[in-house]
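**Student:** Compute the structure for the input listed below.
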Amino acid sequence: MNVTLRQLRIFIEVARVKSFSRAGAEIGLSQSAVSRSILELETELGLRLVDRGRREVVLTDAGANLVASVTRLLAELDDALFEIREIGEQRRGRVMVAASPTIACRLMPQVVAACGQQFPFVTLTLRDDVQSDVVRQVKSGEVDFGVVVGPFAADGLLSMPIMSDSFCLVLRVDHPLAARAEIAWGDLAGQRLVMLGHASGSRPIIDAVLAAHGVNAEVVQELGHSATVFALVEAGVGLSVLPWLALPLPAGAALVARPLVPRAERTVELVRRQDRSLSPAAQAVWSLVSQLPPPS
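**Tutor:** Now for the predicted structure:
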């Protein structure tokens, strides 16, 4: 039996509108082409499916039975084809994303969770590395894209800002400056600072702001992760300037965070190679990250 999907779809349309000419207008065929298709289908099945009246087409009993069965089967087929197309075009694959530590900690968990819910056939792997390593991995193609601290610019890379973040001073609750609602950058002059190292995307921005305000402070420790910074500040080694995204403070710690004024901002940006298109799966994850709301 050589029944085509096209013949069945034309038959269903004829049954719906009860007219060869109206069916042809709906699907972009001439009346004669529709009539010929129905005749070929009837010939192949060996059954009359419609009675051709002067004003409208009437289904035979065989035609009515075929409509019921074919409508259900075509709906199931359309659903299956749509699902396969979704999987094939943008919902299946492995995506590698690298992010700076504070971004990976505060922003990316919700992306990983949302990806699992919306794109169950996408395997998302997250790497949390210092910014210099994130940029290196993006350039080498080890990851599909990165999420970094900006303003960011580099040859061969495209970046897109998605949100902004400002800086705070983290200090012990018993430090004299902790009594203030906000702290001026100039008040850091002469203070001992525990800072993230220069591999952090925030450090160059912080150094530039301190220099712009003429602040001469002693950096006594440079570290790779904010958790270690918190521990040293709580131990009384010094104060720390961190982005708000580095918070929350450890539970139970004798620490507070105060905004630094005037407000200085960094951005959070998506970055990828300029000469390489994202796969459909990576583009789907990129879109998830770009729609992140700012953290509360």
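**Student:** what ranges do the helices span in the stretch 51-200 of the chain?
**Tutor:** 61-86, 101-106, 108-118, 131-140 (DSSP state H, counting those that start in this stretch).
**Student:** which regions of this structure lie under the pLDDT threshold?
**Tutor:** 1, 84, 86-91, 295-296 (pLDDT under 70).
**Student:** Regarding it, what is its longest strand?
**Tutor:** Using DSSP state E to define each element, the chain has its longest strand at strand 157-172.
**Student:** for it, which positions count as buried?
**Tutor:** Applying a neighbour-count criterion of 16 or more other CB atoms under 10 Å, one finds L157, S159, I162, M163, D165, F167, C168, L169, V170, L171, R172 buried in strand 157-172. Any C-beta I mention is one placed from the backbone N, CA and C, and that applies to glycine too.
**Student:** Now do the contacts for the second one.
**Tutor:** Contact partners of S159, counting by CB atoms under 8 Å, 6 or more residues apart in numbering, are V148, G150, F152, A153, E269, L270, V271.
**Student:** so what's L157 up against?
**Tutor:** Contacts for L157 (CB under 8 Å, 6+ apart) come out as V135, V138, K139, V271, R272, R273, Q274.
**Student:** Between the helices of the stretch 51-200 of the chain, which one is closest to W244.
**Tutor:** Comparison of the helices of the stretch 51-200 of the chain against W244 by CB to CB identifies helix 101-106 as nearest, at 9.1 Å.
**Student:** pretty sure D144 contacts P280?
**Tutor:** No: using CB atoms under 8 Å, D144 is not in contact with P280, being 11.2 Å away.
**Student:** who's more crowded, those two?
**Tutor:** Taking other CB atoms under 10 Å, D144 and P280 do not tie; D144 has more neighbours (25 against 16).
**Student:** show me the residues around the residue lying closest to the more buried one once chain neighbours are set aside that make contact.
**Tutor:** Nearest non-adjacent residue to D144, counting by CB to CB, 6 or more residues apart in numbering: A282, 4.0 Å away. Neighbouring residues of A282 by CB under 8 Å, 6+ apart: G93, V95, D144, F145.
**Student:** tell me which residues in the helix or strand harbouring A282 are buried?
**Tutor:** Following DSSP states H and E, one finds A282 within helix 280-290. For helix 280-290, burial by neighbour count (16+ other CB under 10 Å) applies to P280, A281, A282, Q283, A284, V285, W286, L288, V289.
**Student:** One more: stretch 145-160?
**Tutor:** Buried residues in stretch 145-160 (16+ other CB under 10 Å): F145, G146, V147, V148, V149, G150, F152, L157, S159.
**Student:** Now render those residues as CSV, adding distance to A99.
**Tutor:** Output for the buried residues of stretch 145-160, formatted as CSV (distance: CB to CB, whole Å):
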residue, distance to A99
F145, 10
G146, 7
V147, 4
V148, 8
V149, 10
G150, 13
F152, 13
L157, 15
S159, 14
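**Student:** Relative to P243, which of those residues is nearest.
**Tutor:** For these, the nearest to P243 is V149 (7.7 Å; CB to CB).
**Student:** A178 touches V256, doesn't it?
**Tutor:** Yes: judged on CB under 8 Å, A178 makes contact with V256 at a distance of 5.2 Å.
**Student:** Which neighbours do those two have in common?
**Tutor:** Residues touching both A178 and V256 by CB under 8 Å, 6+ apart: L171, R172.
**Student:** For E83, give its distance to V70.
**Tutor:** 20 Å (CB to CB, to the nearest Å).
**Student:** which of those two has more neighbours?
**Tutor:** V70 (18 against 11).
**Student:** For that one, which residues are in contact?
**Tutor:** Taking CB under 8 Å, 6+ apart, one finds L8, F11, I12 in contact with V70.
**Student:** element containing the second one?
**Tutor:** Here F11 sits within helix 5-17, counting by DSSP H and E.
**Student:** Report all helices and strands that that helix contacts.
**Tutor:** Helix 5-17 is packed against helix 20-27, helix 31-45, strand 57-59, helix 61-86, with contacts defined by 3 or more CB pairs under 8 Å, 6 or more residues apart in numbering; DSSP states H and E.
**Student:** Pull the distance from the second one to the chain's centre.
**Tutor:** This points to helix 31-45. Centre-to-centre, helix 31-45 and its host chain are 49 Å apart (CA atoms, centre = their mean, to the nearest Å).
**Student:** which residues does the residue of the chain positioned farthest from its centre contact?
**Tutor:** Largest separation from the mean C-alpha position in the chain: R54, at 57.6 Å (CA atoms, centre = their mean). When the contact criterion is CB under 8 Å, 6+ apart, R54 has no partners at all.
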